[in-house]
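Colleague: Whatever this is, show me its structure:
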Amino acid sequence: MTNPYRIVLADDDSRFRPLLKRFLETNPGLEVACEACDGSHLLSLLGGFQMAPQMAILDVSMPNLGGIEMTPRIKAAYPGLKVLIVSVHREPEYVREARSAGADGYMLKEDVDTELFPAIEMIRSGGAHFSAQLNADDRCAI
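Modeller: Numbering: from 1, shown residues only. Predicted coordinates:
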């Protein structure tokens with residue numbers, strides 16, 4: 001049996017984060033290694049793993065340290081760690097900033113049920129995933 005793909009979560013929404021964790025855990029190939037309510041908390045947890053996680057799923061807007069600000073810090077400290085931003089923000093500047101920061105993907109929270117597992121698989125295999133809904137939106141040319 002292969003080891004599960006280990007994911008860490010950071011989202012300040014106390015309703016969304018547990019739902020996202022439960023949804024991720026419906027996939028037997030994935031494991032949620034930890035969850036945090038903000039970026040600073042997640043960064044403090046990352047150093048304590050014996051077996052490093054492979055992906056961080058981050059919210060854009062969090063107290064102390066948001067997902068876009070966290071991304072370059074994570075990439076510098078853990079170069080192999082993939083970053084997927086999951087957000088309610090659909091404005092093009094957020095997507096551009098996430099890409100510039102080094103995020104491997106960006107998707108909308110409203111699309112988690114249909115896009116999350118394909119996004120994880122695309123990123124896991126070395127690609128990038130930026131929500132089809134954002135790419136198709138004329139306002140959001142990225």
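Colleague: if I pick residue 85, what's in contact with it?
Modeller: Residue 85 makes contact with 57-60, 67-68, 71, 94, 98, 103, 105-107 under the criterion C-beta atoms under 8 Å, 6 or more residues apart in numbering. Quick note: C-beta positions are derived from backbone N, CA and C, even for glycine.
Colleague: Redo those as TSV? Include neighbour count.
Modeller: Formatted as TSV, those follow (neighbours: other C-beta atoms under 10 Å):
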residue	neighbour count
57	27
58	29
59	26
60	23
67	31
68	27
71	24
94	21
98	25
103	28
105	24
106	29
107	24
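Colleague: Closest to residue 123 out of the residues you listed?
Modeller: residue 105 (5.2 Å; C-beta to C-beta).
Colleague: what are the bridge partners for the residue positioned nearest the centre of the chain, then?
Modeller: Note on the chain: the residue nearest the mean C-alpha position is residue 57, at 2.1 Å, using C-alpha atoms, centre = their mean. For residue 57, the beta-bridge partners under DSSP bridges are residue 9, residue 84.
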